[in-house]
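S.K.: Have a look at this prediction, sequence included:
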Amino acid sequence: MSSPGSNGSPSPPPALRRGPKRVLRQATWILPQTGERVRRAFTLNAPFRRRSGTSNGELEPLLPRSSSSRRRRTKTVYGLTSEFLGTAYKFITSPNGIAILKCSIAYLLASLATLTPTISGLLGHNDGKHMVATVVVYFHPARTAGSMIEATLLAVVAYCYSAAVAFASMAVTVAFRSQGLLHIGHMLVLVVFCGGGLGFVGWLKQRMSSPLVNVACSLASLTIITALTKEGPVQLGNFNYEKISQVLRIVLMGICAATGVSLLIKPQSARFEVRKDLVQVTDHLEEMLARSTTAFLAGSEDELKTEEFAHLSDKYRDSFNLLLKNYREARFEHYILGTESVHKVTGRLIKCIESLGHSAAGLRSAATTQFAVISQGNTGPQPRRPMTGYSFLEPNGELPSIFEEPEDSDGLENEQPRPLPSPGYTSNPADIFSFFIAQLGPSMKSLAYTLKEVLHELPFGPGPEYDIVFNCNFRRSLLVAKNLFADSRKEALERLYRQKVRASTSHEVIADYEEVGAACGYFGSSLQDFAEDMVQYLDILAELKKELETQPRRRSWHWLNFWHPRSRSHSACEHYKQLLADEGPARRLSVAGRPRPLVTQVVPAKMISSILWKAYKFVRRDDVRYAIKVGIGAILYAMFSFIPETRPYYAHWRGEWGLLSYMLVCSMTIGASNTTGLQRVWGTGLGAVFAILAWIVADDNPWVLGFIGWLASLACFHIILVLKKGPLGRFVFLTYNLSALYAYSLSAKDDDDDDDEGGIDPAIWEIVLHRVVAVLIGCLWGLVVSRLIYPISARRNLRDGLAVLWLRMGLIWKRDPLTILVEGDDGRPRAAYMDIREAIGLQRFLTHLEGLRGSARHEFELRGPFPDRLMNSVLDATSRMLAAFHAMNVVIVKELKASPGEAELLRFTQAERVKLSARISHLFSVLASSVKLEYPMNDALPDVEHVRDRFLAKIFEYREQNSAKKVATEEDFELFYAYALVTKQIADEIKVVFRLIEQLYGKLDEDSLILRGY
């Protein structure tokens, strides 16, 4: 069959002749709203209708039209002003603009505690009233109601802890003073309460790793430092309740101002935000499903390589993370309202959404593997084929795009699938794919379209209520569509494997044939899993709707019975808690993977040293070392407030603010300390400039000072909320409050010994100078302590963490993940770290490493800057490997007991799987060794492809030998399809990492092998 040239030119030779356009026949698809079977043309490439209000960028022109450009050039001043006002109004009414406005109003109200005598009188006559504004900055009202409840609880806990430390310190000094041992009491206060109390605050901040916990720890540090080093009772050995009670009133006033603004002005509910996020997530899943299926059917990876698809994946990840955040905050709202059952059902719904996301990732992975197989099969010389019939392959080695054209029912019923070339000839991978698409493509597209329509309608209606929109026909329609697809898939795979391959064909060709079946089967299996998860999603959604519409509403507050065993049951949100149980993620993985020496003989001296070493294990943890480091630095800095000779200088230069700066700057790693220190310095400088300008312009007028502070708060909250630079914005606020508001507090004749700063006639330059010097000294001290006392390098931790992660992944694969489906021959329990089900924990550890990469960028060493770009590529490749691990995990956990067919296949392919697993584990070990030692790798590395081809050929051999027995069904082969594809993905990503490490450390040469020291 030839195609005439378009210009009447001679036809190309047969070898280059293009076949006809591949037509995807119509198929029956299920209309989700009614369950009706429809047989008409449709497409998955229709414009996506977003319900979240975002516009489709494809519909907007890249360049403005010429007429618009001419109008822009001829705009008048009035037009420009109108455009500016319109843009400003649009920003003010946006979520970010409303959040900034709410925060600025709360800050203005908090400033009245200093500027208004009536409110100021409620806080007594001591200074420190500016801390009300600081509390509002820390616990700003741009939060949901649930987050505001959590912030209130954390603020109260922070105050209670700091008050306990302050009262205990005063009790100790009073007790020792009565015995004439005040100096010993000061030493105990320094070591136990100052060092231990602040060290525990630092440990808790690192342990919890939560923004709200961080600001609560800052509040606790401020209160402890003020009570222990600034006020005189601890130094003099007396009790003074006034300052502690004032701090309580300050905290309560600041929290009340923030909470009132949050709940009265455009309040946000985390419960409704969860529903809004679910709408966005399902929109992204709808688009990912349609694009992945279209790319697979078209045989073109252009759809998946576009920048738009990459942004779509990023948007899905960000939306899902935001969903988890709002879900955690909604917990507090549900607890207050007594709707705990709704929260639990919502958690199951989110868990199901996560499963849908994994299935969507599996679809993309299978499609990507398809393209790799096609390109791999078209690179080498092709065997000669007879010219009877035609090929689906384009001359450039690609599959043609799908072309849909309407057909009548009679023609479709009589349509027969085009067979592959005769059994005596080897098929090209593209031909096998084309055969599969011709058989299963229509039903696959029909199921994808039904799923796409259901996702578009789910789960909630328009805002702000987001009521559940649930069509009772959705579930039945999905079940019918899934069953139609399952029947078509089974028939297509059976027809695919009825094609014969000559016995003399090489392992590579047989492996290509089986790999095509693996890719096709895995994509179909992932699409079927997606449909099954959608059915479960609809069931949970129906349960949630019933729970919400039950009248009268059943309310319960079981969480108040925290001592009752029923209240300790595992909730749905535990799946999303961070992996922070007994040890940090880095320590947990490294300890688990660390080999232990075999002790053959117990020597008393060695036994004692071993006991001491095990006892010291707790101190060797990075988080404990960090706490000790923070405590030691705080002791060395705060001791100057207890020494009589140095205390005047400490008080004059406001050493308490330097100590607070030290607590804020001293971070877990050197890079994080450098980052925070730099932001602290910049924030202090900007805050000092704002304070001086505000004080000069206001000229001691409280209303002008309040208005200027409100304007400054707009800029600072823009930094915090929009630019996402929280520390920088908070540092600006802190310095402004310490300078401008504190100066007005002095001018209001508050009872405080501040004659060195002008007293009732404040010297703003002196005040600002003292604060800036104190902050700079505190920042410098934090950097010194981070470098000299238990230095924790983010570069080293990142390198060690990557080595441990790769070793752990190698151990998992060496054990062979498929063996979890059969009982061990020796009957011994398997080690937990050899289980593929810990893939989620590995993914969270990778997130920890990505955070270390961000800190490592700011660590400066003489050997050069940190290779951020290369390390980011290494982490991306590792992330893709872990995604493959998780895809394998999804297949395994469906049924942890092997079926008879799977058990027989496991025994038949055991030898090949052992070799393949050992080869991949060896490559992981080489990677870990190279990055741990920072040494080049040997280029003579074992190859995985040949062993994997033998594994695929073994599966094909089983089909040929046992086709009549019917022991293993097509469903049994799904597990091995996934294993083959995951193995290929891991091997390909390992090659990518090898090339990246070669760029990092170079190649192994003779200079690297010189034996030195002789």
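M.R.: In hand now; what should we look at?
S.K.: Let me know the secondary structure of Trp268.
M.R.: I think there's a mix-up here, since residue 268 is Gln and not Trp. Using DSSP: H, G, I helix; E, B strand; the rest coil, the three-state assignment for Gln268 comes out as coil.
S.K.: Hmm, Gly146 and it touching each other?
M.R.: No - in this structure Gln268 lies outside contact range of Gly146 using CB atoms under 8 Å: 9.2 Å. C-betas here are computed from N, CA, C, even on glycine.
S.K.: Report how many residues lie close to the nearest residue to Ala978 once chain neighbours are set aside.
M.R.: The shortest distance from Ala978 to any residue that is not its chain neighbour, by CB to CB, 6 or more residues apart in numbering, is 4.4 Å, and that residue is Val891. Taking other CB atoms under 10 Å as the neighbour definition, Val891 ends up with a count of 23.
S.K.: helices and strands around the longest helix seen in the chain, which ones?
M.R.: Secondary structure of the chain read by DSSP state H shows that its longest helix is helix 507-549. Packing contacts for helix 507-549, counted by 3 or more CB pairs under 8 Å, 6 or more residues apart in numbering; DSSP states H and E, involve helix 270-298, helix 340-377, helix 429-457, helix 473-497, helix 945-962, helix 970-1001.
S.K.: Mean neighbour count and mean pLDDT for these - can I get that in CSV?
M.R.: Below are the helices and strands packed on helix 507-549 laid out as CSV (neighbours: other CB atoms under 10 Å; pLDDT from 0 to 100):
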stretch, mean neighbour count, mean pLDDT
helix 270-298, 23, 88
helix 340-377, 21, 81
helix 429-457, 23, 78
helix 473-497, 19, 77
helix 945-962, 18, 81
helix 970-1001, 20, 85
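S.K.: what helix or strand is the residue nearest to Ala978 on?
M.R.: Under the criterion DSSP states H and E, the helix or strand holding Val891 is helix 868-892.
S.K.: Against which helices or strands is that helix packed?
M.R.: Packed next to helix 868-892, using 3+ CB pairs under 8 Å, 6+ apart, are helix 340-377, helix 794-814, helix 839-856, helix 970-1001.
S.K.: tell me the mean pLDDT for the shortest one?
M.R.: The reference is to helix 839-856. Over the span of helix 839-856, the pLDDT mean works out to 83.
S.K.: One more: the second one?
M.R.: Here helix 794-814 scores 89 as its mean pLDDT.
S.K.: Please state the offset of it from the chain centre?
M.R.: A distance of 19 Å separates the centroid of the chain from that of helix 794-814, by CA atoms, centre = their mean, to the nearest Å.
S.K.: re earlier: and the angle from the longest helix of the chain to helix 473-497?
M.R.: An angle of 170 degrees separates the directions of helix 507-549 and helix 473-497 when computed by axes from the mean of the first three to the mean of the last three CA atoms, to 10 degrees.
S.K.: wait, Arg285 sits on Ser355?
M.R.: Quick fix: residue 285 is Leu, not Arg. No - in terms of CB under 8 Å, Leu285 does not count as a neighbour of Ser355; the distance is 10.9 Å.
S.K.: rewinding a little: now do the longest helix of the chain against helix 429-457, angle only.
M.R.: In this structure, helix 507-549 runs at an angle of 10 degrees to helix 429-457, with the same axes, to 10 degrees as the basis.
S.K.: which other helices and strands contact the helix or strand hosting Ala627?
M.R.: Secondary-structure assignment from DSSP H and E places Ala627 in helix 622-638. Applying 3+ CB pairs under 8 Å, 6+ apart, one finds that helix 622-638 contacts helix 197-208, helix 585-592, helix 617-620, helix 655-665, helix 764-788.
S.K.: Output the contacting helices and strands for the third one.
M.R.: Meaning helix 617-620. For helix 617-620, the helices and strands in contact under the criterion 3+ CB pairs under 8 Å, 6+ apart are helix 622-638.
S.K.: which residues touch the helix it packs on?
M.R.: Helix 622-638 is contacted from outside by 190-191, 194-196, 198-203, 206-207, 225, 228-229, 583-584, 586-587, 618-619, 655, 658-659, 662-663, 666, 668, 778, 781-782, 785-786, 789-790, 792, 797, using CB atoms under 8 Å, 6 or more residues apart in numbering.
S.K.: Report the mean confidence score over that helix.
M.R.: Averaged over helix 622-638, pLDDT sits at 92.
S.K.: Any buried residues in the next helix or strand after it, and which?
M.R.: Heading C-terminal from helix 622-638, the first helix or strand you meet, by DSSP H and E, is helix 647-652. Residues of helix 647-652 classed as buried by neighbour count (16 or more other CB atoms under 10 Å): 647, 650-651.
S.K.: Output those as a markdown table; include the columns distance to Gln370.
M.R.: Supplementary listing: the buried residues of helix 647-652 in a markdown table, determined by distance: CB to CB, whole Å:
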| residue | distance to Gln370 |
| --- | --- |
| Arg647 | 75 |
| Tyr650 | 70 |
| Ala651 | 73 |
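S.K.: would TSV of the residues you listed with pLDDT be doable?
M.R.: As requested, the buried residues of helix 647-652 are exported to TSV (pLDDT from 0 to 100):
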residue	pLDDT
Arg647	90
Tyr650	90
Ala651	87
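S.K.: quick check, nearest of these to Ile611?
M.R.: For Ile611, the nearest member of the buried residues of helix 647-652 is Tyr650. The distance, counting by CB to CB, is 43.4 Å.
S.K.: just checking, Leu371 touches Ala298?
M.R.: I think there's a mix-up here, since residue 371 is Phe and not Leu. No - using CB under 8 Å, Phe371 and Ala298 do not qualify as a contacting pair, with a distance of 10.3 Å.
S.K.: picking that back up, okay, buried residues for the helix holding Val891 please.
M.R.: Within helix 868-892, the residues that qualify as buried by neighbour count (16+ other CB under 10 Å) are 871, 873-875, 877-892.
S.K.: Give me the mean pLDDT for that helix.
M.R.: The average pLDDT within helix 868-892 is 85.
S.K.: And for the helix or strand following that helix, what's in contact with it?
M.R.: Counting by DSSP H and E, the element after helix 868-892 in chain order, helix or strand, is helix 900-908. Counting contacts by CB under 8 Å, 6+ apart, the residues outside helix 900-908 that touch it are 818-819, 821-822, 898, 913, 954-955, 958, 962, 967-969, 972-973, 975-976.
S.K.: Could you report the separation of Ile353 from Leu458?
M.R.: The spacing between Ile353 and Leu458, counted by CB to CB, to the nearest Å, is 10 Å.
S.K.: To clarify, my last question referred to Val891.
M.R.: Val891 is 25 Å from Leu458, by CB to CB.
S.K.: One more: Arg489?
M.R.: Where Leu458 is concerned, Arg489 sits at a distance of 25 Å (CB to CB).
S.K.: same check, this time on Val480
M.R.: Relative to Leu458, Val480 is positioned 18 Å away (CB to CB).
S.K.: Over to Val704?
M.R.: Val704 sits at a distance of 54 Å from Leu458 (criterion: CB to CB).
S.K.: which residues touch Met881?
M.R.: Residues counted as contacts of Met881 (CB under 8 Å, 6+ apart) are 809, 985-986, 989-990.
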